[in-house]
Each structure stands twice: as structure tokens, then as C-alpha cells.
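Q: 3D, please:
(one chain, ligands or ions: 1)
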Amino acid sequence: MTKIYAGSPVPALNSVSFTLPARGVFVLIGRNGSGKTTLVRILATNLEATSGTATLNGIDVMSEPDQIRERIAIVPQEARPVPWMTPLQSVLSYLLWRGLGYGEAKQKAGEVLEKLKFGRKARVLNRTLSGGMKRKVLMAMILATEADVIFLDEPTTGLDPLARREFWEVLQEVRKDRFVVLTTHYMEEAEQLADTIGVLEEGKLIALGTLDELRKRLRYNYSVKLLSIPEAPVILTEGEMVKGNHDLPVILTTEGEAFRIAQELSREGIKFTINPVGLEDIFFYLHPGGDTGGR
Ligand SMILES: Nc1ncnc2c1ncn2[C@@H]1O[C@H](COP(=O)(O)OP(=O)(O)OP(=O)(O)O)[C@@H](O)[C@H]1O
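A: Numbers count the residues shown, from 1 in each chain. Coordinates of the predicted model:
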């Protein structure tokens, strides 16, 4: 699939091609402007591709959009629930809009708000809710539907760590019987939630696989992240140095070499962290420019 926006010299998506089992959670990561939202919007029938095709559970996104729309639900990046409605009214009206009868919609709305433990907050105006609760209203809306494919574009941006964890719990409920496509700038979130991870870079899909499969792309299994730039260069007998957040050096190496370097850095009074390789390290390795693109 390729997408070139009118007037743009470079494609937002450049021959992206992949096949996935429609189960669990597919997390798309990539720096700002790498094409995540564009891909999600095309798959969710909100935007037309310039060329290419996509099928979801055997249904063609381009030629059968109405059938797709019955099967999917999307929470766009900037979505907020209607301020002058309550969570109960939000879920109810969304279900009615999707074609459910009033009785069924009311029952489902009540069930989902109970499941997500809204309590008396189900009946207060959305505008009085915290940012985390507002996102939870959107999750309740899609959770109440029959949709078996759910798109969430940066659902936790701006949430505090506790609200983010609470969102992850809700997602564990959603993923049980649906396929979730989620974009994020939080590597920890991708690690926690993803069954499969796709990495976009300038419109190209540069990596796709489980966390373990992506780890295998690195020759090294340990990461030492320096928290300041040392005066003297760090001499490696084995491993690679890449740029991390704020251009600080990240050393990818073997366990033995990582601990040797750690001792040396301690002696010189340089602060660092040492960990087995995680998604953030894979991201830095795949993006020589550094930075995860987080806000
Ligand atoms: N409506 C539009 N018109 C023209 N160019 C666009 C439009 N929407 C997005 N783009 C461009 O397409 C590219 C991909 O954007 P997209 O929003 O898909 O990236 P993203 O990975 O979701 O970014 P972010 O992480 O910042 O949300 C960017 O270069 C962006 O400037």
C-alpha cells in the first residue's frame, strides 16, 4: 500500500506490505510522521490509499468499506467524548448510531460501564471527568460494540503512569476476543501489550514480528545507557554504540562486556543504566538518528 498526500513530495506510506493473524494486539511504533496514523486511517476506511489493497478478515477495505465499518471501531488520536453528555449517554448514543435497538443498546451500555467500574461516574457530565476517565469513556464505547477489529491511535498519550496502567487493564479485556491495532510512542507500552510489533520509518515498514523476533535482529543482548556524555571515549572490545534519547550513547553488547563497561563507568563516576535489550534499544538500533519520537 502506498499513500501520497496531495501536494506532498514524499509518500506518507511507501509500498507497505504485510500479513498478520487478526488476533491479539498489533502495535505500530515509529517516530513522528513515520506514517502510523495514515496506515490506521486507511485500514479503518477513513482515508483512501493512493495505490494498493488491504483486507481485514477477508473483507476488502477499499471495495467493501460498509462491510468493514460494521466490523471495526476506531478511537482517533485526538478523540474526546462529547463534553455535555454523560458516559452512559455516550455509550448509548454510539450503540444507537451503530444500528442497535434502544433496549439492547441500553442493556449493553449499562453492562460495559459496570464492567469498567464507572460507578456513579457513569452519570456525570464527561467534561467534569479527568483525562484518563475521558479515555475510558471512549474505551467503553468501543468495548460495548460487536466490532471485532479495534483501532486505537495513541490512546495513552498524556496519561499519567497510573491512568496508563488502568488503560492497559481495560485493553486486556478488549483483546480477549478482538483484534486490536494500536499506535504508541511508549516503548514500555508496546512491550507490555503487543503480540506483534510493526516499526514504521519514513513510510516504510522496517521491522515486523514479536518482541523476541525483533530482539533476534540484534547481535547483542545487553544494553548500557549512559546518562551523560563521558569526557573520554568508551572503548568497546565487543558491541556497538548507537544514539539514544537526547543523543546520549547507548551501548549494545554482550552481558560480560556490559558489566565490564559498567565497572569502568562507575570508577569514572559516570551514571548509566544496564539492562537486557528491550524494545527501546531495538528502536535505537533501527533508527541511527536516536530518539523514540515520544512527546
Ligand atoms: N492531511 C495531510 N496532508 C498532507 N500530509 C499529511 C497529512 N497527514 C499526514 N501527512 C504527512 O504524512 C506523513 C505521515 O504522517 P502520520 O500522521 O501518518 O505519521 P505518524 O507516524 O502517525 O506521526 P505522529 O507520531 O506524529 O502521530 C507525515 O510526513 C505528515 O506530515
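Q: can you classify Leu182 by secondary structure?
A: Assigned with DSSP: H, G, I helix; E, B strand; the rest coil, Leu182 falls in the strand class.
Q: now it. Nearest residue, chain neighbours left out?
A: Nearest non-adjacent residue to Leu182, counting by CB to CB, 6 or more residues apart in numbering: Leu152, 4.5 Å away. No exception for glycine: its C-beta is placed from N, CA and C like everyone else's.
Q: and that neighbour, what pLDDT?
A: Model confidence at Leu152, given as pLDDT, is 94.
Q: does it really touch Val180, like I thought?
A: Yes - the pair Leu152 / Val180 is scored as a contact, 6.5 Å apart, by CB atoms under 8 Å.
Q: what's stretch 51-68 in contact with?
A: Stretch 51-68 is contacted from outside by 1-2, 15-17, 22, 42-43, 45, 48-49, 71-72, 148-149, using CB atoms under 8 Å, 6 or more residues apart in numbering.
Q: mind listing what Asn14 touches?
A: Thr2, Gly35, Glu202, Gly203, Lys204.
Q: isn't the second one up against Val16?
A: Yes - using CB under 8 Å, Gly35 is in contact with Val16, at 7.4 Å.
Q: now do the shared contacts for these two.
A: Joint contacts of Gly35 and Val16 (CB under 8 Å, 6+ apart) are Leu200, Gly203.
Q: tell me where the stretch 1-150 of the chain has helices.
A: 36-43, 65-71, 87-97, 102-115, 131-143 (DSSP state H, counting those that start in this stretch).
Q: could you give me the average pLDDT of the shortest one?
A: Averaged across helix 65-71, pLDDT comes to 91.
Q: domain map for the protein?
A: Taking automatic domain parsing as the criterion, the chain consists of the domains 24-214, 219-276.
Q: deepest of those domains, which one?
A: Among the domains of the chain, domain 24-214 has the highest mean neighbour count (mean count of other CB atoms under 10 Å), at a mean of 18.
Q: how long is it from one end to the other?
A: Using CA to CA, to the nearest Å, one end of domain 24-214 lies 18 Å from the other.
Q: how far off centre is that domain?
A: Centre-to-centre, domain 24-214 and its host chain are 10 Å apart (CA atoms, centre = their mean, to the nearest Å).
Q: touching the ligand at all, that domain?
A: Yes - Domain 24-214 lies within reach of the ligand by CB under 6 Å from any ligand atom, at Gly30, Asn32, Gly33, Ser34, Gly35, Lys36, Thr37, Thr38.
Q: distance of the first one from Leu138?
A: Taking CB to CB, to the nearest Å as the criterion, Gly30 is separated from Leu138 by 23 Å.
Q: now do the third one
A: Remark: distance between Gly33 and Leu138 (CB to CB) = 24 Å.
Q: kindly report the same for the last one.
A: For Thr38, the distance to Leu138 (CB to CB) stands at 21 Å.
Q: just to revisit the earlier point, make JSON lines out of the residues of domain 24-214 next to the ligand and add pLDDT.
A: Below are the residues of domain 24-214 next to the ligand laid out as JSON lines (pLDDT from 0 to 100):
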{"residue": "Gly30", "pLDDT": "94"}
{"residue": "Asn32", "pLDDT": "91"}
{"residue": "Gly33", "pLDDT": "93"}
{"residue": "Ser34", "pLDDT": "95"}
{"residue": "Gly35", "pLDDT": "96"}
{"residue": "Lys36", "pLDDT": "96"}
{"residue": "Thr37", "pLDDT": "95"}
{"residue": "Thr38", "pLDDT": "96"}
